[in-house]
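*Asks:* build the 3D model from these lines:
(chains A and B)
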Amino acid sequence: MPRTDTPAPPRVRPPRPRPGIPVGLLLPAALGLVLLTLPLIGLLARTPWADLPRRLTEPGVLTALRLSLLTATLATLFCLLLGVPLAWLLARVRFPGRRLVRALVTVPLVLPPVVGGVALLLVFGRRGLLGGWLDATFGITLPFTTAGVVLAEAFVAMPFLVIAVEGALRGADQRYEEAAATLGAGRWTTFTHVTVPLVAPGLAAGAVLCWARALGEFGATITFAGNYPGRTQTMPLAVYLALETDLEAAVVLSLILLTVSVAILAALRDRWITSP
Amino acid sequence: MRRVRVALAGAAVAALVAGCGGDPAGGPAGASGGVTGTVSVFAAASLTESFTRIGRDFEAAHPGTTVVFNFAGSSALATQINQGAPADVFASAAALTMATVTEAGNADGTPATFTRNQLVIAVPAGNPKGITGLADLADRGVKVALCADQVPCGAAARSALDAASVALTPVTLEQDVKGALSKVTLGEVDAALVYRTDARAAAAKVTGVEFPESARAVTDYPIVALRDAPNPAGGRAFVEYVRSGRGQAVLAEAGFQAP
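*Replies:* Numbers count the residues shown, from 1 in each chain, chains lettered A, B, ... in the order given. The predicted structure follows:
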């Protein structure tokens, strides 16, 4: 049976008047953009461009950059491993004290990073709550090691991931998960094959935020992991110390870190995050 | 941490100085030709305890004055001054840092060395590892924190270690002397090279072990009144007071040495 006897008329959209952009939004938006980009312009204005290639090839710079990229990436993987299940728990499971747990997750956001570093020392340091036991039982010491840098970065960056993923989970349509369950999928299969793909954009956005925050981490890192070239000296630490003697060197290092991170984020964004 | 503290302190000083500008008594031409108004002092972090006391004494000696401090790393302070922060006095923990201010033409007169500081080995109270000199720091089982070479205490530590021909691998190169000290107070390292004054200020948790080579790495502290000072008379009076017997007595008590 034909569905329709006559073909549907071609849909013609009536020309809608394009609404003008309200000044009330445009003005603060422009000011916001200026606030965010002006310091960057300040950096660019003070960059000794002729010096750039020489600075780039200084051995310490590449060591710090490599360490920064490595630790930020490891910290993000660590956060994904622990943070996604935590976000799922917060979004999908009702349990007593859930609001408290949610508030606790954001503690690293409000804690000054240096205090976070001290807190990590009080737990994982030699005289810390777990540090002594870890050392005696497994021979693991975290302060002043690259693993310590990863831990400090993960501590500071994980809330960004958890909050983004939890938001995505709450916004996702749960009927897909219910349908999968009806069709006989177990909870784990449902999670890996339905839930995770469903929230993939939020997951990617959270991971990117988490990575960016880990890359720029300074306070918790220098407090917990210290500063030693090749082992714990990440780019932000190198920038800070360069600032003590040579403003231009610090500007160049900042610019290198910015360029590399923006390039990586732009590449990832095109690939993973579908933007309109 | 320090960046935030510096920014806040700078903002606070700026606000106070701005507020004082509208005060008719705030200028140098105060009543009876004396010193009045707010005196803004930018001073190295290691001077925090002693300068706070000297500031109170100065206010008592010159009624009508208020001393406002901005304590931070010397190089951060020098950057602020060279970028136009309103300050009357700069007291630095390094001659090299002071030179960036004088070379930029921001000093009023020639800086004078007003005190000196020397390194000690800071160890946890009671000295559990029995450290008696620099050579002990090179032992494999001893974790050491030093300041980074870029900051004054790190440069001094480098000179002292070179003088003693001791080669050691620290676990961390801290961004300032307080950072190195805190690694000792938290028990994360067995020893750190810090200034005698810092070890003395933390005497409850830290023992300072003197060592002969520190005489080869003495740090001079220069002080100067600044050219674009909002309160030039106040600034000069403060510099004079620090170099006077009363100022020197406070510094000596904190463990500083006479220039």
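*Asks:* residue B:112 and residue B:224 touch, don't they?
*Replies:* Yes. Using CB atoms under 8 Å, residue B:112 is in contact with residue B:224, at 7.3 Å. For the C-beta atoms, the positions are set from N, CA and C on the backbone; glycine is no exception.
*Asks:* more crowded one of the two?
*Replies:* Set residue B:112 next to residue B:224 and count neighbours by other CB atoms under 10 Å in any protein chain shown: residue B:224 wins out with 23 against 13.
*Asks:* list phi and psi for that one.
*Replies:* The phi and psi values for residue B:224, taken as degrees, to the nearest 10, are phi -150, psi 150.
*Asks:* and for residue B:108?
*Replies:* phi -100, psi 90.
*Asks:* what about it, distance to chain A?
*Replies:* Distance of residue B:108 to chain A, computed by CB to the nearest CB, to the nearest Å: 24 Å.
*Asks:* hey, what's that residue bridged with?
*Replies:* When assigned by DSSP bridges, residue B:108 has beta-bridge partners residue B:225.
*Asks:* isn't it right next to residue B:227, touching?
*Replies:* Yes. Using CB under 8 Å, residue B:108 is in contact with residue B:227, at 4.6 Å.
*Asks:* give me the common contacts of residue B:112 and residue B:224.
*Replies:* Shared contacts of residue B:112 and residue B:224, defined by CB atoms under 8 Å, 6 or more residues apart in numbering or on different chains, are found at residue B:239.
*Asks:* now whichever residue of chain B sits closest to chain A. Its backbone dihedrals?
*Replies:* Proximity of chain B to chain A (CB to the nearest CB) peaks at residue B:172, 2.7 Å away. Here the main-chain torsion angles of residue B:172 (degrees, to the nearest 10) amount to phi -150, psi 150.
*Asks:* tell me the secondary structure at residue B:169.
*Replies:* With DSSP: H, G, I helix; E, B strand; the rest coil as the basis, residue B:169 sits in coil.
*Asks:* cool, residue A:47 as well?
*Replies:* Relying on three-state DSSP, one would call residue A:47 coil.
*Asks:* now residue B:39
*Replies:* Of the three states, residue B:39 takes strand according to three-state DSSP.
*Asks:* neighbours of the residue nearest to it when sequence neighbours are not counted, just the number please.
*Replies:* Excluding the flanking residues, the one nearest residue B:39 by CB to CB, 6 or more residues apart in numbering or on different chains is residue B:234, at 3.9 Å. Residue B:234: 30 surrounding residues under other CB under 10 Å.
*Asks:* try residue A:80
*Replies:* Neighbours of residue A:80 under the rule other CB under 10 Å: 17.
*Asks:* contact partners for it?
*Replies:* A:161, A:203, A:207, A:210.
*Asks:* in helices only, show me these.
*Replies:* Counting by DSSP state H, the part of those found in helices is A:161, A:203, A:207, A:210.
*Asks:* and the gap between the third one and residue A:113?
*Replies:* Yep, that's residue A:207 we're talking about. 20 Å (CB to CB, to the nearest Å).
*Asks:* go on, the last one?
*Replies:* To residue A:113, residue A:210 is 15 Å away according to CB to CB.
*Asks:* same question for the second one.
*Replies:* Per CB to CB, residue A:203 is found 25 Å from residue A:113.
*Asks:* hmm, back to that, so can I have a markdown table of the contacts of residue A:80 showing neighbour count and distance to residue B:97?
*Replies:* Listed next are the contacts of residue A:80 as a markdown table, based on neighbours: other CB atoms under 10 Å in any protein chain shown; distance: CB to CB, whole Å:
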| residue | neighbour count | distance to residue B:97 |
| --- | --- | --- |
| A:161 | 30 | 41 |
| A:203 | 24 | 48 |
| A:207 | 24 | 42 |
| A:210 | 30 | 38 |
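*Asks:* pLDDT at residue A:43, what is it?
*Replies:* Residue A:43 carries a pLDDT value of 87.
*Asks:* I meant to write residue A:8 there.
*Replies:* pLDDT recorded at residue A:8 is 54.
*Asks:* the one 4 residues further on too?
*Replies:* Per-residue confidence for residue A:12 comes out at a pLDDT of 58.
*Asks:* cool, and residue A:265?
*Replies:* 82.
*Asks:* ok, now how distant is the residue nearest the centre of chain A from chain B?
*Replies:* The residue lying closest to the centre of chain A (CA atoms, centre = their mean) is residue A:210, at 1.2 Å. The gap separating residue A:210 from chain B is 22 Å, by CB to the nearest CB.
*Asks:* show the contacting residues for that residue.
*Replies:* By CB under 8 Å, 6+ apart, the residues touching residue A:210 are A:75, A:76, A:79, A:80, A:83, A:157, A:158, A:160, A:161.
*Asks:* check residue A:150 too.
*Replies:* Contacts for residue A:150 (CB under 8 Å, 6+ apart) come out as A:71, A:74, A:75, A:78.
*Asks:* out of the residues you listed, who's nearest residue A:94?
*Replies:* Lowest distance from residue A:94 to these (CB to CB) belongs to residue A:78, with 27.4 Å.
*Asks:* residues of chain A that sit close to chain B?
*Replies:* Residues of chain A found near chain B, taking CB under 8 Å from any CB of the partner chain as the criterion, are A:112-114, A:118, A:121-122, A:125-127, A:143-144, A:219, A:222-223, A:225-229, A:232-233, A:237, A:240-245, A:247.
*Asks:* burial of residue 211, as a residue count?
*Replies:* In the absence of a named chain, this looks at chain A. 25.
*Asks:* look at chain B instead
*Replies:* 22.
*Asks:* domain parsing for chain B?
*Replies:* With domains defined by automatic domain parsing, chain B comprises B:2-116+B:220-253, B:119-216.
*Asks:* could you tell me the least trusted of the ones you listed?
*Replies:* Among these, domain B:2-116+B:220-253 carries the lowest mean pLDDT (a mean of 82).
*Asks:* figure out how far that one is from the centre of its chain.
*Replies:* Distance, stretch centre to chain centre, for domain B:2-116+B:220-253: 12 Å (CA atoms, centre = their mean, to the nearest Å).
*Asks:* please apply the same query to stretch A:236-254.
*Replies:* Centre-to-centre, stretch A:236-254 and its host chain are 23 Å apart (CA atoms, centre = their mean).
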